[in-house]
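Asker: Quick one, structure for this:
(chains A, B, C and D)
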2 protein chains.
Amino acid sequence: MSGDRRVRRTRRMVQEALVALILEKGYDAVTVTDIIERADVGRSTFYAHFSDKQDVLLSNLDQLAFLRPAPAGGPGEPFAFSLPMFEHVREQRELVRAVLGRCGGAMMVAHGEKLIAAIVRDELLAAGARASASLDLLVVCVVGAYIGLLRSWLDGETTASPAELDAAFRAAVEPGVRAALARAGGTRPLQ
Amino acid sequence: MSGDRRVRRTRRMVQEALVALILEKGYDAVTVTDIIERADVGRSTFYAHFSDKQDVLLSNLDQLAFLRPAPAGGPGEPFAFSLPMFEHVREQRELVRAVLGRCGGAMMVAHGEKLIAAIVRDELLAAGARASASLDLLVVCVVGAYIGLLRSWLDGETTASPAELDAAFRAAVEPGVRAALARAGGTRPLQ
DNA sequence: CCGGTGTCGAACAACCTGTTCGGTTATGAA
DNA sequence: TTCATAACCGAACAGGTTGTTCGACACCGG
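Answerer: So this is what the prediction gives:
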């Protein structure tokens, strides 16, 4: 394992403390002082490892590697990322909720939106859509629906299973996407 | 006109100052000190009128009455609120952008989401949908798409016109909604 | 004109941030 | 085991923000 044991311990303590505090009070309300008290870490030690609160959250981003570059497999399933992502989120529920939930930082949410938007856009292009302004608007709608579902779930507004969420997402979005592809794409029909 | 002229003046100055500052620096970065300097208002005066930053924004909410209770007119147009709302937003662009844009406060966005969600839900029920968990998920998707479009537009990521945005929204969402209504509602077909 | 009300601005305590620095402790290598 | 080193502690600090108080002053409406 790389590095000093103390370093790993300190970083882990701080990261876990922040996640726990966000879930308790919301991102904005958490102070650095809160974090170092909860993590039982010296003030100077905190700043030796992280530049600020947000940096701690960013350092956790590796574990959020549920953004795997799409399981390939050609243009098979329409929104192949959907179900696996819901399931990964369920596994790391705490962390994701702290980062993407309505109590999380707006910056992190924007980051997540961009990631999902890139995936959706690539999928639509692979499915035969042509790059255009109207495609971008479609992508915004699809991502908005997905993120909305995700946050609603993380915030406990629904108790649906990943499979049900996936189904709701597809039911809401697929018909519109198919129509758009049929209209502009033509060649390669989705699915 | 109700009240002292000084009061109206002070309140207006503060509200305008906050909007301007949010557009410059983003909601989080604006401090009360910033506001009173920009508004040229005494510190104690500020706290005599508002309890804090967020209170100022909430006081502006009246002007955001573009949430008119749907122009009635029976189950005519599917998402009747869409185009008028985009147009109202264009008129009050500055204020709405400060409140709902990605630089605005998360709390305000959540508030706006709830308003739109209520409208969408009522419309779907009026169109014959049955209240259920899956309807709520559909509402979340529709609202997510709409808010996504709205914020993307407010943040200057697209230069589309209200009519184009409305068209994109309908194109993305209507097919899925029609399918859902046909499946569960049955009786009163949309449109 | 005058009483009431709004405003000013300074000062305040309390809190948070990010940095510094000397002393202490644990770690990994020899 | 020994030991140099790297990490940690914690107090203290300057700078900034918040929300409140208070006396002096200015303005408004009757």
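Asker: Pull up the residues of chain A that are close to chain B.
Answerer: Along chain A, the residues adjacent to chain B under the rule C-beta under 8 Å from any C-beta of the partner chain are A:28, A:102, A:106, A:110, A:133-134, A:136-138, A:140-149, A:152, A:157-158, A:160, A:164-165, A:168-169, A:171-180. No exception for glycine: its C-beta is placed from N, CA and C like everyone else's.
Asker: how far does stretch A:108-125 sit from the chain's center?
Answerer: 9 Å (C-alpha atoms, centre = their mean, to the nearest Å).
Asker: And stretch A:6-19, by the same measure?
Answerer: The mean C-alpha position of stretch A:6-19 is separated from the chain mean by 21 Å, C-alpha atoms, centre = their mean.
Asker: hmm, that stretch touching DNA strand D?
Answerer: Yes: using C-beta under 7 Å from any atom of the strand, a contact is recorded between stretch A:6-19 and DNA strand D, made by A:R6, A:V7, A:R9, A:T10.
Asker: ok, which residues in chain A are in contact with DNA strand C?
Answerer: Within chain A, the residues that sit near DNA strand C (C-beta under 7 Å from any atom of the strand) are A:4-6, A:31-34, A:43-44, A:47, A:51-53.
Asker: what helix or strand is the most centrally placed residue in chain A on?
Answerer: Residue closest to the average C-alpha location in chain A (C-alpha atoms, centre = their mean): A:G112, at 4.4 Å. Take DSSP states H and E as the rule and A:G112 turns out to sit in helix A:106-126.
Asker: quick one: buried residues of that helix?
Answerer: Of all the residues in helix A:106-126, those buried under the rule 16 or more other C-beta atoms under 10 Å in any protein chain shown are A:106, A:108-109, A:111-113, A:116-117, A:119-121, A:123-124.
Asker: Then stretch A:90-106?
Answerer: Buried residues in stretch A:90-106, defined by neighbour count with 16+ other C-beta under 10 Å: A:92, A:95-106.
Asker: Tell me how chain A divides into domains.
Answerer: Structural domains assigned to chain A are A:5-58, A:62-185, following automatic domain parsing.
Asker: For B:F81, find the nearest of the ones you listed.
Answerer: domain A:62-185 (15.9 Å; C-beta to C-beta).
Asker: Kindly reformat the buried residues of stretch A:90-106 as a markdown table and extend each row with pLDDT.
Answerer: Converted to a markdown table, the buried residues of stretch A:90-106 look like this (pLDDT from 0 to 100):
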| residue | pLDDT |
| --- | --- |
| A:Q92 | 89 |
| A:L95 | 90 |
| A:V96 | 92 |
| A:R97 | 92 |
| A:A98 | 92 |
| A:V99 | 89 |
| A:L100 | 90 |
| A:G101 | 90 |
| A:R102 | 88 |
| A:C103 | 86 |
| A:G104 | 87 |
| A:G105 | 87 |
| A:A106 | 88 |
